[in-house]
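Engineer: no letters, just coordinates:
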C-alpha cells in the first residue's frame with residue numbers, strides 16, 4: 001500500500017481520536033448543569049448530550065470547519081507532519097487538563113497546536129491574521145456574551161415567575177431544562193465537531209486526495225460520530241468543577257445557563273467563528289450565579305479556570321512545535 005495513503009489514514013484516525021477526546025473532555029460542558037440540578041442522572045445526561053452532538057451534523061453548515069481548515073493556517077504549508085504535531089499537542093494538553101479536572105478549551109488546544117506546528121515549519125508568516133483575529137477576540141467575547149445572555153434570561157425569568165410558588169417553578173424548569181440541555185449539546189456538536197472536520201479536510205487536500213478544499217458528508221458524519229461517542233464516555237472530573245464548584249445551580253439556573261450558551265454557540269457557528277464551548281458555558285454559569293449576589297460565584301475557582309484558558313493556546317502550541325521539530329530531525333517535514 002502507498003505509504004502516503006497509510007500516513008493519511010493514520011492521521012485521520014488521530015484526528016478522530018482527538019474528536020473523541022474532545023467529546024469526553026467537553027462532556028462536562030453539555031451535561032454539568034443538567035446533572036448538578038439532578039434533572040437527569042449522569043448516564044441519562046451523557047446519552048442525551050451524545051444524541052444531540054450527533055444530530056448537530058445536520059445543522060448550521062460547515063462554516064467553522066472552513067475557518068479552521070483554511071482560514072487560520074496557510075493551507076500550502078500544511079503537511080501530514082504539521083497535522084500530526086498539531087493534533088498531538090492538542091491531545092496531550094486535553095488529557096493533562098482532564099486529569100487535573102480543569103475545564104479548558106479543546107478548541108483552543110486544537111488551533112494552538114495547529115499553529116505551533118505550522119510556525120515550527122514555516123515561521124509566523126504561515127498564520128492568516130484575519131482568521132486569528134476573530135478567534136482571539138472571541139476568547140474574550142464568548143464567555144462575556146454567555147454571561148450577559150444568562151444574566152438577562154435569569155432576570156426576565158425571575159420577573160415573570162415572581163408570584164409563583166418555588167416548588168411549581170422548579171417543576172416546570174426541570175422539564176424545560178431537558179430542552180435547553182438538548183439545545184446546548186446541539187450547539188456544542190455544531191461548533192466543536194466542525195474544527196476536526198477542517199483539520200481532516202485540510203489533510204486530504206494537502207495530500208492530494210482532494211482537488212479542492214471541501215467538507216464532504218463522510219467527514220461530517222465521522223467527526224460527529226467521534227465527538228458523540230466521546231461525550232457518551234463522559235468526563236466526570238470536569239463535571240464536578242463545572243456543575244458545583246463555580247456556583248450552586250437550580251433547574252431555573254441550569255435552564256438560563258444552557259439557553260444562553262446555546263444562543264451564543266448558534267450565533268458563532270452561523271458566522272464561522274470557532275469559539276470555546278467551555279468558555280461559553282462557564283461565562284453563562286457565572287452570569288446565573290451573579291443574579292443572586294456576586295458572592296454566590298466562587299471567584300477563586302473561576303480565576304484558576306481563567307489561568308488555564310490563558311495557558312491553553314501557548315501550551316498546546318509549544319508541545320506541537322516540539323513534536324514537529326522532533327519528527328523533522330528524521331526527515332519528516
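Structural biologist: Thanks, I have the structure now. Every value quoted in this text rests on a predicted model; they were computed, and no experiment measured them.

Engineer: pull the helix or strand with minimum mean pLDDT from this protein.
Structural biologist: helix 236-240 (a mean of 50; mean pLDDT, DSSP states H and E).

Engineer: what distance do you get for the closest residue to residue 279 other than its chain neighbours to residue 281?
Structural biologist: Of all residues not flanking residue 279 in the chain, residue 143 sits nearest, at 4.4 Å (Cβ to Cβ, 6 or more residues apart in numbering). Heads up, the C-betas are built off the backbone N, CA and C, glycines and all. Here residue 143 is placed at a distance of 9 Å from residue 281 (Cβ to Cβ, to the nearest Å).

Engineer: those two - which one has more neighbours?
Structural biologist: residue 281 (33 against 28; other Cβ atoms under 10 Å).

Engineer: please enumerate the helices of the chain.
Structural biologist: 3-25, 27-36, 42-55, 63-70, 80-100, 106-122, 129-160, 166-206, 217-233, 236-240, 251-270, 277-292, 299-328 (DSSP state H).

Engineer: next one: the residue nearest to residue 332 when sequence neighbours are not counted from residue 22, what distance?
Structural biologist: Of all residues not flanking residue 332 in the chain, residue 81 sits nearest, at 4.7 Å (Cβ to Cβ, 6+ apart). Relative to residue 22, residue 81 is positioned 22 Å away (Cβ to Cβ).

Engineer: for residue 45, same thing?
Structural biologist: Distance from residue 45 to residue 22, by Cβ to Cβ: 18 Å.

Engineer: give me the more crowded residue out of the two.
Structural biologist: More crowded of residue 45 and residue 22, by other Cβ under 10 Å: residue 22, with 30 against 24.

Engineer: the more buried one touches residue 108, doesn't it?
Structural biologist: No. With contact defined as Cβ atoms under 8 Å, residue 22 does not reach residue 108; the gap is 11.4 Å.

Engineer: related to what we said a few turns ago, show me the contacts for the residue nearest to residue 332.
Structural biologist: By Cβ atoms under 8 Å, 6 or more residues apart in numbering, residue 81 lies in contact with 117, 121, 324, 327-328, 332-333.

Engineer: show the pLDDT at it.
Structural biologist: Per-residue confidence (pLDDT) for residue 81: 92.

Engineer: got it, and the one 4 residues further on?
Structural biologist: According to the predicted model, the pLDDT of residue 85 comes to 95.

Engineer: same check, this time on residue 114
Structural biologist: On the pLDDT scale, residue 114 gets 93.

Engineer: kindly report the same for residue 234.
Structural biologist: 64.

Engineer: figure out how far stretch 117-132 is from the centre of its chain.
Structural biologist: Remark: stretch 117-132 is offset 22 Å from the chain centroid, using Cα atoms, centre = their mean, to the nearest Å.

Engineer: can you check stretch 120-133 too?
Structural biologist: For stretch 120-133, the distance to the chain centre is 22 Å (Cα atoms, centre = their mean).

Engineer: on that earlier part again, among the contacts of residue 81, name the buried ones.
Structural biologist: Among the contacts of residue 81, those classed as buried by 16 or more other Cβ atoms under 10 Å are 117, 121, 324, 327.

Engineer: ok, those residues vs residue 174, which is closest?
Structural biologist: residue 117 (45.9 Å; Cβ to Cβ).

Engineer: find me the pLDDT at the closest one, would you?
Structural biologist: The model's pLDDT for residue 117 equals 96.
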